[in-house]
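Chemist: give me the fold of what follows.
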Amino acid sequence: MKKDKLKTGQRKLGTDKAEVLTKKGHLEKLKNSENDKYTRVIVNIKNQEKSLKQAVNKHIEEIRNEVEQDRKTVMQSIDADLDTISRSMQQSDEKNTVIKDLINSTNSAKFFLEVSRIENSMSVPAPKTKSTYKSIPDFVPGEITQTNVGVLQSKDSPLELSVTLNINKQYQIELSHVSDIIPCLYDKSIWMNSNLDAQLMKVTPEGSNLRICSLNIKVYGMALTDDNDILLATGKSRIQQLSTITGKITDTVYNISPLISTTVHVTSNNKVIIGVVSSDVQYKVIVMNNKGEYETVYGHDQHNQPIFNYPQSISSTGNGNIHEVDYYPGSERGKVVVLGQGGGIINTYTGHTKINKEKPFKPTRIVTTPGDNLIVADMDIHTLHVLDNNGELLTCYKTSDIGILCPFSLAFTPKGLLLIGCARPKGNTGKEAKIYEVTISGC
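Modeler: Sure thing, here's the model as predicted:
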């Protein structure tokens, strides 16, 4: 009996040892697996370190080049005005010398011959210089990631703007509102559309009236090309082109299928920027070259969150920034998103803290001024917001102070006059939109 008990214990020891040996094998495999994983993780960390260093070096070089270009642009602008002033002073000195010689002249015949010519042109016109000048932006360090090393941001405006508007002309047109407005370069005609009325119009001012040529087409965005044709975002996948001479509409190379367009913009270097929406209601902004090839796609921020609610209008400035009016019709509020050339958000403007205190910021359209600032229409409170090229607020102007209500669309003529297309006032069901031509100064 004792021997049988010992044998049972011996078998149990064997079984326990086998279990321990199995567990030991599992642990050794786990150890080897973790060592292999450690090696892979270290390799991935080193690769990421290398990628981050390359991204940082590349981004820093781009920022350095951008600052150099900004300095060149600023210096050229200031030097141009200094040259204008120098030439004016030289003309003044030359006239002064001629007048002085004439005063000291003892030849009466020559004196009366010359004085008749000079006395009507003794003044020298004051040199025309810019009211504002760009300033080299400061460098604001950012979180060091592969996609965001830092951004250039102007802390303060170089000059405090004082914007003034004076109405030159105004017209009433049978539309619910003027969604977009574009002046032609070769004549006095203006192209405009109303997406509420599905109307695209060419109007030509004739005195106090307008000669109108109308097309039945729904347009969501318009942009003027260097060839003086107009790109149309019609809610389809392909951007169309309107000839301002013949009025013929044709397809372009700008195809965003399977996405559809919400707005379109052409930059100064002929890039085409399109606001788009996908079938699953995701909004993006796409930059394309003149061959219709994608260059940059903006859709999500560095935390993979959607940037846009609905791209309403797009403009761009000389420093390469893209400015997008983002407002979904009927929503509580909107914003202006400033996008950098290489991707990422530089700034977001959500309205003036006092002016938009009671009525939230609901922007409709945006345009770049001749001075490289931006004007944003805030229809509900009859206000224009003036931003610098980094999306920082410079000033606001209440258009209702001069009788302009519900400003919706904006455009500059070749002569620097501002066109404002308006919507009908709230509660008005008639088609009584207005167009204003105004002289604007200070921006």
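Chemist: C-alpha from now on. contacts and neighbour counts both.
Modeler: Fine.
Chemist: test my guess that residue 165 contacts residue 439.
Modeler: Yes: with contact defined as C-alpha atoms under 8 Å, residue 165 counts as touching residue 439 (5.6 Å).
Chemist: if I look at the residue nearest to the spatial centre of the chain, how far off is residue 312?
Modeler: Centroid-nearest residue in the chain, with C-alpha atoms, centre = their mean: residue 323, separated by 2.1 Å. For residue 323, the distance to residue 312 (C-alpha to C-alpha, to the nearest Å) stands at 11 Å.
Chemist: ok so, going back, now the residue nearest to the centre of the chain, nearest residue through space, not along the chain?
Modeler: residue 338 (4.6 Å; C-alpha to C-alpha, 6 or more residues apart in numbering).
Chemist: ok, residue 183 next?
Modeler: The shortest distance from residue 183 to any non-neighbouring residue, by C-alpha to C-alpha, 6+ apart, is to residue 190 (4.4 Å).
Chemist: so what's that neighbour bridging to?
Modeler: residue 183, residue 203 (DSSP bridges).
Chemist: what's near enough to touch it?
Modeler: The neighbours of residue 190, taking C-alpha atoms under 8 Å, 6 or more residues apart in numbering as the test, are 181, 182, 183, 184, 202, 203, 204.
Chemist: cutoff 10 Å now
Modeler: If a contact means C-alpha atoms under 10 Å, 6 or more residues apart in numbering, then residue 190 has 181-184, 201-205, 212, 244, 413, 419 as its contacts.
Chemist: widest-spaced pair of those?
Modeler: Greatest spatial distance in the contacts of residue 190: 212 and 413, 19.0 Å, computed using C-alpha to C-alpha.
Chemist: the nearest residue to residue 442 once chain neighbours are set aside and residue 204, how far apart?
Modeler: Excluding its sequence neighbours, the residue lying closest to residue 442 (C-alpha to C-alpha, 6+ apart) is residue 163, at 4.5 Å. Residue 163 sits 28 Å away from residue 204, taking C-alpha to C-alpha as the criterion.
Chemist: ok, residue 349 - how many residues close by?
Modeler: Neighbours of residue 349 under the rule other C-alpha atoms under 10 Å: 17.
Chemist: dihedrals phi and psi, it?
Modeler: When read as degrees, to the nearest 10, the backbone of residue 349 gives phi -110, psi 130.
Chemist: how about the helices in this protein?
Modeler: 2-103, 108-118 (DSSP state H).
Chemist: and the residue nearest to the centre of the chain, what pLDDT?
Modeler: On pLDDT, residue 323 comes in at 97.
Chemist: now the one 4 residues further on
Modeler: The predicted local confidence for residue 327 comes out at a pLDDT of 94.
Chemist: go ahead and confirm it touches residue 333.
Modeler: Yes: Residue 327 is within contact range of residue 333, at 6.9 Å (criterion: C-alpha atoms under 10 Å).
Chemist: shared neighbours of those two, which are they?
Modeler: 361, 362, 363.
Chemist: in the chain, which ranges drop under the pLDDT threshold?
Modeler: For the chain, the stretches with pLDDT under 70 are 19, 22-23, 26, 142-161.
Chemist: break it into its domains for me.
Modeler: By the assignment in automatic domain parsing, the chain contains the domains 1-129, 164-441.
Chemist: now those domains in TSV, with distance to residue 140?
Modeler: Shown next, in TSV, are the domains of the chain (distance: least, C-alpha to C-alpha, whole Å):
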stretch	distance to residue 140
domain 1-129	11
domain 164-441	11
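Chemist: to residue 135, which of those domains lies closest?
Modeler: That would be domain 1-129 among the domains of the chain, by C-alpha to C-alpha, at 6.5 Å.
Chemist: how far off centre is the closest one?
Modeler: Relative to its parent chain, domain 1-129 has a centroid offset of 19 Å by C-alpha atoms, centre = their mean, to the nearest Å.
Chemist: tell me how many other residues crowd the closest residue to residue 218 other than its chain neighbours.
Modeler: Using C-alpha to C-alpha, 6+ apart and skipping residues adjacent in sequence, the residue nearest residue 218 is residue 198, 4.0 Å away. By other C-alpha under 10 Å, the residues close to residue 198 number 14.
Chemist: number of nearby residues for residue 29?
Modeler: 12.
Chemist: how near is it to residue 299?
Modeler: 45 Å.
Chemist: all strands of the stretch 201-350 of the chain, in order?
Modeler: For the stretch 201-350 of the chain, applying DSSP state E, counting those that start in this stretch gives strands covering 209-215, 221-224, 230-233, 238-242, 249-255, 260-266, 272-277, 283-288, 294-298, 311-316, 322-326, 335-339, 345-349.
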